[in-house]
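J.: sequence and computational prediction follow.
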Amino acid sequence: MQLNMQIGMDKNTLVLPSFLRLVMSVLLLSVLWIGSVSAGPVETFKFKDEATKLRFQILSKELRCPKCQNQNLADSNAKIAVDLRKNLYNLLQEGKTDQEIIDFMVYRYGDFVLYRPQLKKQTYILWFGPIVVILGFALSVIFVLRKRSKGKANELALSSKEQANLDDILNKK
């Protein structure tokens with residue numbers, strides 16, 4: 001009996017260290033994984049006044065990163081976005097207006113850098129394309145429904161011979 005208890009204790013002592021090893025392994029891997037996550041460098045720009053700082057924040061949120069799919073300059077950590085933020089800062093320090101900065105960015109990187117493209121010949125399809133598609137769909141639905149209702153009206157209309165037969169049947173009663 002004493003031998004069985006001793007063996008049972010040995011099993012428990014074997015289970016406990018293997019469980020501790022598993023827990024320690026998971027903790028070690030999670031620490032290594034968390035340590036491998038890296039954040040981009042934080043840029044600190046010094047502005048001459050709050051208005052310039054606010055303009056910088058607004059413009060960096062309005063301009064899109066040319067490399068990223070759908071991120072603005074403020075949210076992107078791509079190298080090109082870092083460079084564009086520096087360019088934006090320098091242009092603001094030179095006293096450029098918002099429109100001059102936007103024109104410079106569009107000239108250099110195209111309309112893609114704008115979340116809201118300017119209204120011009122090249123961007124008419126972006127502005128009016130969805131409206132044209134919706135109107136075309138609505139007109140085609142109206143056309144189909146009218147055609148269908150005319151077809152049903154023709155089906156329901158009686159010929160003169162059928163109308164005469166109907167009148168005879170109704171008059172006999």
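T.: Cool, got the structure. Numbering: from 1, shown residues only.
J.: residue ranges with poor pLDDT in the chain?
T.: 1-16, 35-43, 151-156, 173 (pLDDT under 70).
J.: center of it, which residue is that?
T.: Nearest to the mean C-alpha position of the chain, by C-alpha atoms, centre = their mean, lies residue 70 at 7.0 Å.
J.: assumed that one was part of a helix.
T.: No - counting by DSSP: H, G, I helix; E, B strand; the rest coil, residue 70 is located in no helix; its state is coil.
J.: what sits closest to it if chain neighbours are left out?
T.: Using C-beta to C-beta, 6 or more residues apart in numbering and skipping residues adjacent in sequence, the residue nearest residue 70 is residue 64, 7.4 Å away. Using the backbone N, CA and C atoms, a C-beta is placed for each residue, glycine as well.
J.: before we move on, back to that, isn't the residue nearest to the centre of the chain right next to residue 76, touching?
T.: No - when contacts are counted by C-beta atoms under 8 Å, residue 70 is not listed as touching residue 76 (9.9 Å).
J.: I'd assumed residue 111 was in contact with the residue nearest to residue 70.
T.: No - Residue 64 lies out of contact with residue 111 (C-beta under 8 Å); the separation is 9.8 Å.
J.: the more surrounded of these two?
T.: Shown here are residue 64 and residue 111; by other C-beta atoms under 10 Å, residue 64 has more neighbours (23 against 15).
J.: quick check: residue 56 vs residue 126, distance?
T.: Using C-beta to C-beta, to the nearest Å, we find residue 56 at a distance of 27 Å from residue 126.
J.: the more surrounded of the two?
T.: Per other C-beta under 10 Å, whichever of residue 56 and residue 126 has more neighbours is residue 56, with 21 against 13.
J.: give me the domain ranges for the protein.
T.: 50-118, 124-172 (automatic domain parsing).
J.: any chance of those in a markdown table, plus distance to residue 25?
T.: A markdown table is the format used below for the domains of the chain (distance: least, C-beta to C-beta, whole Å):
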| stretch | distance to residue 25 |
| --- | --- |
| domain 50-118 | 32 |
| domain 124-172 | 54 |
